[in-house]
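Colleague: pasted the sequence and its predicted model underneath.
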Amino acid sequence: MEHRLAMIGFGTVGQALARILMERKAELREKEGYMARITAISDAMKGALYHPEGLDLVQVFRSLEQTGTLDAYPDTPGLKRGWDSLKTIEDTNADVVVEVTFTDVETGQPAIDHCRRAFEAGKHVVTTNKGPVALAYRELSELAEKNGVFWGFEGTVMSGTPALRLPQTALAGDRVREIRGILNGTTNYILTRVEEGRSLDEALREAQHHGYAEADPTSDLEGFDALYKVMILSEVVMGVPLNRQDVERKGIQTVTAEAIRQAKREGKRWKVLGQLREEEGRIAASVQPVAIPETDPLAGVRGALNAVTYTCDLLGPVTLVGAGAGRSETGFALLADLIQIWRDAR
Ligand SMILES: NC(=O)C1=CN([C@@H]2O[C@H](COP(=O)(O)OP(=O)(O)OC[C@H]3O[C@@H](n4cnc5c(N)ncnc54)[C@H](OP(=O)(O)O)[C@@H]3O)[C@@H](O)[C@H]2O)C=CC1
Ligand SMILES: N[C@@H](CC=O)C(=O)O
């Protein structure tokens, strides 16, 4: 048995997963018995390829390096080009759809439709796209269950750091009453670099260069990305759905470079905190920059690292610190979900 994957979107994260599968092929096979081949890629601007026997990833990356597109991939018998995302999901032989298109903070589309169509076609989905989980969790979970397929979205919160798998597995049986965390890698990186003397613009450019920022970085800067993660944590970890309007939101545009450096002189650090607290079945939730004292454990979380503290009834507080964004870090989140599908099937 072997996974056949269809990549919907082939940007930073999609390419990172492809590289991991290529570079770790032998190790994954030996240690996990895991085998996968990418049979299809469909990307908005780079183009689309499908070959039922699998694509040659060396040629895929060569074509991207030469042309920025998939156009220079060599023609071989049986190769199809140009299929759009929905045709790729429905008409290829893939059994797992890897949904890694942009997160749309208004509608969650077209990613919600991508997941819907995949489940209806009896295909598993792994995704790092926050839109479907934040806006259509119930509907899509039910649809996946009805069709007997798996929906993996570990990478939607804190990249490959197991921020969702930890409460769902290791904390099962306890109740999470409160969540507090740094949930956006780009803004934490920017705040750290500005403290170190960079300008806000320079720091944002660096974050983009490292692959941390959203395609439209205003989503990071204005707090929408963290807001979506707060919605996901509320529903998936605390079992309470929230609307966007339920979450108070402020971005880092309200914090000047001088305020960041002044806080440092006063022994404080600005952090964008996502906070959720359960009170009588209701959730009070917010995303906002706060100047916290250096003695706060979250103050030491620097750069693109993120952290989350789950305060549980029985266990008390548990804090997880790890990558919040990044190429291989987020590609790994998809791999972890793929391995879970693989293990569950066995
Ligand atoms: N980067 C990170 O560290 C993390 C990212 N994420 C999430 O993962 C997802 C992917 O992120 P990332 O790879 O960085 O983003 P990129 O912007 O690098 O890649 C997204 C890709 O999706 C393609 N695309 C957009 N719409 C469609 C469509 N309708 N059909 C096919 N392809 C489409 C884009 O095409 P083109 O550009 O060619 O137009 C682009 O290549 C996002 O939802 C993001 O929020 C989650 C955790 C961390
Ligand atoms: N842009 C996001 C990417 C991961 O979700 C971030 O910076 O955290």
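Modeller: The structure has been received and is ready for your questions. Ligands and ions are numbered 1, 2, ... in the order given.
Colleague: and the residue of this protein nearest ligand 1?
Modeller: Ranked by Cβ to the nearest ligand atom, the top residue of the chain for proximity to ligand 1 is Gly11, at 2.0 Å. From N, CA and C alone the C-beta is placed, and that goes for glycine too.
Colleague: what comes up buried for the longest helix along the chain?
Modeller: When the chain is scanned for its longest helix (criterion: DSSP state H), the result is helix 327-345. If you call a residue buried by 16 or more other Cβ atoms under 10 Å, then helix 327-345 has these buried ones: 327-335, 337-342.
Colleague: what ranges do the helices span in this structure?
Modeller: 12-23, 25-32, 57-67, 85-91, 111-120, 130-146, 165, 185-195, 200-209, 218-221, 224-236, 257-265, 327-345.
Colleague: list the buried residues in the first one.
Modeller: Spelled out, that is helix 12-23. Neighbour-count burial for helix 12-23 [16+ other Cβ under 10 Å]: 12-18, 20-21.
Colleague: now those residues as a markdown table including pLDDT?
Modeller: Shown next, in a markdown table, are those (pLDDT from 0 to 100):
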| residue | pLDDT |
| --- | --- |
| Thr12 | 97 |
| Val13 | 98 |
| Gly14 | 98 |
| Gln15 | 98 |
| Ala16 | 98 |
| Leu17 | 98 |
| Ala18 | 98 |
| Ile20 | 98 |
| Leu21 | 98 |
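Colleague: filter those by proximity to ligand 2?
Modeller: Applying Cβ under 6 Å from any ligand atom, the subset of those adjacent to ligand 2 is empty.
Colleague: verify the stated contact: Pro289 with Arg269.
Modeller: No: taking contacts as Cβ atoms under 8 Å, Pro289 lies outside contact range of Arg269: 10.4 Å.
Colleague: now Glu178, nearest residue through space, not along the chain?
Modeller: Thr311 (4.0 Å; Cβ to Cβ, 6 or more residues apart in numbering).
Colleague: so who does that neighbour touch?
Modeller: Contact analysis of Thr311 by Cβ atoms under 8 Å, 6 or more residues apart in numbering lists 176-180, 317.
Colleague: got the helices of the chain as JSON lines, with distance to Leu242 columns?
Modeller: JSON lines is the format used below for the helices of the chain (distance: least, Cβ to Cβ, whole Å):
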{"stretch": "helix 12-23", "distance to Leu242": "25"}
{"stretch": "helix 25-32", "distance to Leu242": "36"}
{"stretch": "helix 57-67", "distance to Leu242": "38"}
{"stretch": "helix 85-91", "distance to Leu242": "28"}
{"stretch": "helix 111-120", "distance to Leu242": "17"}
{"stretch": "helix 130-146", "distance to Leu242": "9"}
{"stretch": "helix 165", "distance to Leu242": "21"}
{"stretch": "helix 185-195", "distance to Leu242": "21"}
{"stretch": "helix 200-209", "distance to Leu242": "27"}
{"stretch": "helix 218-221", "distance to Leu242": "18"}
{"stretch": "helix 224-236", "distance to Leu242": "5"}
{"stretch": "helix 257-265", "distance to Leu242": "29"}
{"stretch": "helix 327-345", "distance to Leu242": "22"}
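Colleague: and those helices, which one's lowest on average pLDDT?
Modeller: For the helices of the chain, mean pLDDT drops lowest on helix 257-265, to a mean of 93.
Colleague: what does that one rub up against?
Modeller: 191, 194-195, 199-200, 269-270, 291.
Colleague: for the contacts of Thr311, pick the one with the most neighbours.
Modeller: Ile179 (24 neighbours; other Cβ atoms under 10 Å).
Colleague: hang on, that residue packs against Leu276?
Modeller: Yes: between Ile179 and Leu276 there is a contact under Cβ under 8 Å: 4.4 Å.
Colleague: can you pull the residues that touch both of those two?
Modeller: Common neighbours of Ile179 and Leu276 (Cβ under 8 Å, 6+ apart) are 233, 238.
Colleague: could you check how far Ala299 is from Gln275?
Modeller: 15 Å (Cβ to Cβ, to the nearest Å).
Colleague: should've said Glu90
Modeller: 41 Å.
Colleague: neighbour-wise, which of the two wins?
Modeller: In this view Glu90 and Gln275 are compared by other Cβ under 10 Å, and Gln275 has more residues nearby, 19 against 16.
Colleague: which pair in the contacts of helix 257-265 spans the largest distance?
Modeller: Ser199 and Ala291 (19.7 Å; Cβ to Cβ).
Colleague: looking at those two, which has the bigger crowd around it?
Modeller: The residue with more neighbours, out of Ser199 and Ala291, is Ala291; 17 against 12, by other Cβ under 10 Å.
Colleague: that'll do, ta.
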